[in-house]
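Student: No sequence on hand, only this structure:
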């Protein structure tokens, strides 16, 4: 995909317009380059959805920074570097750690967190190579802050909708594509959410995106509540696919209609056939996205998760609660796990817990094993693909939610949810052999997302026997609607979870 080939296609097909916001980062970069080389002018092709100036303003870090300052939004302290020497001077002024972000890149390519001069030199050299314009932003570190994004749309008449708010389970420092994310955001107060919404609206108007389908990313300091804007993608992204599926709101389809001049109030919602696209989706369930990694295929790769994306795919699950959606998601990853542990697949460093006996022995011994406790706690601090399970092992080792929060920066609300799963797991283990206790816990276990396989492991039974018992109690899966409006209007073409 190069401008030379794009020109050949344009010469042959003679389009009236190009829509650059649908082809990811590649599409944007290609459109910008073609515009700068005069290809579109030569063939009389119009850029729709996002004009060249809007893309430039959103993707060029310096122009974006000036635009945000103009509308009064707070950003992390930063400076631009075009060489390693520039970067060293800026980092000295801002103080380490700093974050390096190249302009015009995809998936955080070439970005990184630098704690010292040596790391800075390596990352900046790489970042300059990755950037199409050889420009990097050296930014104040906001590691440990909470990260959110809003998936938004805007039309030519400045109508604006928030399709979905998304919150990262991991604090700042891990690329959104590598973090477990939850929609809608769970830990924002209504005031904070409205403030974020107003800021996103200002951003869209200032940048001048007409086709919607953009996402705006924010960071919030959990100690002071200070909110800063990190960046915005002036295009349909992977988050748009997640928001589309999560809400039933067809972002790509509506974005295409907006691009040719329709407005949000003119486009009918396919599912309700009654509300227009300017009616913001409401969701009465919880959506969890979990990334999938394949480090075993890439020998010698650093498996720590940073600002550069390393996942190779992701799963999305929907549940009535965060706990249910999380366990469903873990089962969907195709990593042979059946939920949040307790499935015969737990492995604490080299210690495999394949049987119920090995698992209960671990639960009994780990609080008293000082060396193992400390090793688990240290491991929970570093973001890796199995960090979620090490958060669980840290709880089992006797650490409190407060201690784990101080160590990891994972919000106390998420830790409380994990703790509730662990507490129920302990009740389920104790219920082995007690028919009455098992029956009384069955429904709650299912509402918390536990699989028959896990229950069989806790109770020392065969999975088929657990299934028979569950059916005899009349506990069966039910299907709920994804209808964009939380059942406020009749749904003609919903899908189900």
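Tutor: That came in fine, so what should we check first? On a predicted model such as this, the values are computed, not experimentally measured, just so you know.
Student: Now for the nearest residue to residue 227 once chain neighbours are set aside, how many residues are close by?
Tutor: On the basis of C-beta to C-beta, 6 or more residues apart in numbering, the spatially nearest residue to residue 227 that is not a chain neighbour turns out to be residue 220, at 5.1 Å. Glycine gets a C-beta too; all of them are placed from N, C-alpha and C. Per other C-beta atoms under 10 Å, the neighbour tally for residue 220 reads 22.
Student: surely residue 220 meets residue 144?
Tutor: No. Checked against C-beta atoms under 8 Å, the pair residue 220 and residue 144 is beyond contact range at 11.0 Å.
Student: If you count neighbours, what's buried in stretch 250-259?
Tutor: For stretch 250-259, burial by neighbour count (16 or more other C-beta atoms under 10 Å) applies to 250, 251, 254, 255, 256, 257, 258, 259.
Student: what's in contact with it?
Tutor: Residues from elsewhere that reach stretch 250-259 (C-beta atoms under 8 Å, 6 or more residues apart in numbering): 19, 21-22, 48-49, 151, 153, 155-156, 163, 210-213, 236, 240-241, 243-244, 264, 267, 270, 277.
Student: Sitting in helices, which of those residues do you find?
Tutor: Assignment to helices by DSSP state H places the following of those there: 240, 241, 243, 244.
Student: For the third one, which residues are in contact?
Tutor: Residue 243 sits next to 151, 163, 164, 166, 183, 215, 249, 251 when contact means C-beta under 8 Å, 6+ apart.
Student: So it versus residue 41, what's the distance?
Tutor: Distance from residue 243 to residue 41, counting by C-beta to C-beta, to the nearest Å: 35 Å.
Student: Same check on the last one?
Tutor: If you measure residue 244 against residue 41 using C-beta to C-beta, the figure is 34 Å.
Student: Repeat that for the second one.
Tutor: Residue 241 sits at a distance of 33 Å from residue 41 (criterion: C-beta to C-beta).
Student: If you count surrounding residues, which of the two has more?
Tutor: In this comparison of residue 241 against residue 41, neighbours counted by other C-beta under 10 Å, the higher total goes to residue 241 at 16 against 10.
Student: which residues touch the more buried one?
Tutor: Taking C-beta under 8 Å, 6+ apart as the definition, contacts of residue 241 comprise residue 251.
Student: do residue 76 as well
Tutor: Applying C-beta under 8 Å, 6+ apart to residue 76 gives the contacts 99, 139, 140, 141, 142, 219, 228, 230.
Student: Count the neighbours of the closest residue to the fourth one other than its chain neighbours for me.
Tutor: Here the nearest residue to residue 141 in space, its sequence neighbours aside, is residue 97; by C-beta to C-beta, 6+ apart that works out to 4.3 Å. Residue 97 has 16 neighbouring residues, counting by other C-beta under 10 Å.
Student: so where do the helices sit in the stretch 51-200 of the chain?
Tutor: With DSSP state H, counting those that start in this stretch applied, the stretch 51-200 of the chain shows helices at 52-59, 61-70, 84-94, 117-130, 190-207, listed in chain order.
Student: oh sorry, the question was meant for the stretch 201-350 of the chain
Tutor: When secondary structure is read from DSSP H, counting those that start in this stretch, the stretch 201-350 of the chain shows helices at 238-247, 251-259, 322-332.
Student: Need the ones you listed in a markdown table (columns: mean pLDDT and distance to residue 477).
Tutor: Supplementary listing: these in a markdown table, determined by pLDDT from 0 to 100; distance: least, C-beta to C-beta, whole Å:
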| stretch | mean pLDDT | distance to residue 477 |
| --- | --- | --- |
| helix 238-247 | 89 | 19 |
| helix 251-259 | 91 | 29 |
| helix 322-332 | 97 | 11 |
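Student: Can I get these in TSV including distance to residue 316?
Tutor: As requested, the helices of the stretch 201-350 of the chain are arranged in TSV below (distance: least, C-beta to C-beta, whole Å):
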stretch	distance to residue 316
helix 238-247	6
helix 251-259	14
helix 322-332	7
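Student: closest to residue 286 out of these?
Tutor: When these are ranked by distance to residue 286, counting by C-beta to C-beta, first place goes to helix 322-332 at 4.9 Å.
Student: Deepest in the core, which of the helices of the stretch 51-200 of the chain is it.
Tutor: Mean neighbour count, computed with mean count of other C-beta atoms under 10 Å, is highest for helix 52-59 among the helices of the stretch 51-200 of the chain, reaching a mean of 21.
Student: and that helix, what does it pack onto?
Tutor: Under the contact criterion of 3 or more C-beta pairs under 8 Å, 6 or more residues apart in numbering; DSSP states H and E, helix 52-59 touches helix 24-36, helix 61-70, helix 190-207.
Student: Can you give the contact residues for the last one?
Tutor: Taking C-beta under 8 Å, 6+ apart as the criterion, the residues outside helix 190-207 that touch it are 54, 57-58, 67-68, 70-73, 148, 150, 152, 154, 158, 160, 162, 165, 185, 188, 214, 216, 218, 220, 225, 227, 229, 232, 234.
Student: From these, list just the buried residues.
Tutor: For the contacts of helix 190-207, a burial check counting by 16+ other C-beta under 10 Å picks out 54, 57-58, 67-68, 73, 148, 150, 152, 154, 160, 162, 165, 185, 188, 214, 216, 218, 220, 227, 229, 232, 234.
Student: Return the subset of those lying in strands.
Tutor: Among the buried ones among the contacts of helix 190-207, the subset assigned to strands under DSSP state E consists of 148, 150, 152, 154, 160, 162, 165, 214, 216, 218, 220, 227, 229, 232.
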